[in-house]
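Peer 1: predicted coordinates and the sequence they were generated for:
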Amino acid sequence: NTPIIVLWLLIAVSPGLCEEIFFRGLVFSGLRRLGAWRAILISSALFAVAHGSLYRFLPTFTLGIMLAFVVLRSGSILCSMIAHALNNGVAVTMMSARSQASFASA
């Protein structure tokens, strides 16, 4: 029964901002002295481990690579924040729609 806007703020926007500040802002930028691709791979692996699911490690690792590459190419963490929030927002919207559909059919 939670409004979708609240779910977006809590599950899409907030993690998109906070995780990007930490993983792409602090970790990735701190590792850049090792080389761009090493920094991308290490920060992405840490990002995947922090999400705590062995089952989801590879998809989360891949997402981390894409988000770090966005920062590398754009030179802006804002771009990865938006991409991260959109990724989470799509998942939240799909789960919410599925939940409402099953509730309506019951």
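Peer 2: Happy to help now that I have it.

Peer 1: touching, Cys79 and Ala68? I think so.
Peer 2: No - under the criterion of C-beta atoms under 8 Å, Cys79 is not in contact with Ala68, lying 11.1 Å apart. (C-beta placed from N, C-alpha, C; glycine too.)

Peer 1: higher neighbour count, these two?
Peer 2: Ala68 (26 against 16; other C-beta atoms under 10 Å).

Peer 1: all helices for this structure, in order.
Peer 2: 4-7, 14-19, 29-31, 36-50, 57-74, 77-105 (DSSP state H).

Peer 1: reformat those as a markdown table; add mean pLDDT.
Peer 2: As requested, the helices of the chain are arranged in a markdown table below (pLDDT from 0 to 100):
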| stretch | mean pLDDT |
| --- | --- |
| helix 4-7 | 93 |
| helix 14-19 | 96 |
| helix 29-31 | 97 |
| helix 36-50 | 98 |
| helix 57-74 | 97 |
| helix 77-105 | 87 |
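
Peer 1: ok, now which ones touch the closest residue in space to Leu34 that isn't next to it in sequence?
Peer 2: Once flanking residues are discounted, Leu34 sits nearest to Ile42: 7.4 Å by C-beta to C-beta, 6 or more residues apart in numbering. By C-beta atoms under 8 Å, 6 or more residues apart in numbering, the contact list for Ile42 reads 27, 31, 34.

Peer 1: tally of neighbours for Phe69?
Peer 2: Neighbours of Phe69 (other C-beta under 10 Å): 15.

Peer 1: relative to Trp8, how far out is it?
Peer 2: 25 Å (C-beta to C-beta, to the nearest Å).

Peer 1: can you pull up the most central residue in this protein?
Peer 2: Nearest residue to the geometric centre of the chain (C-alpha atoms, centre = their mean): His84, 4.0 Å.
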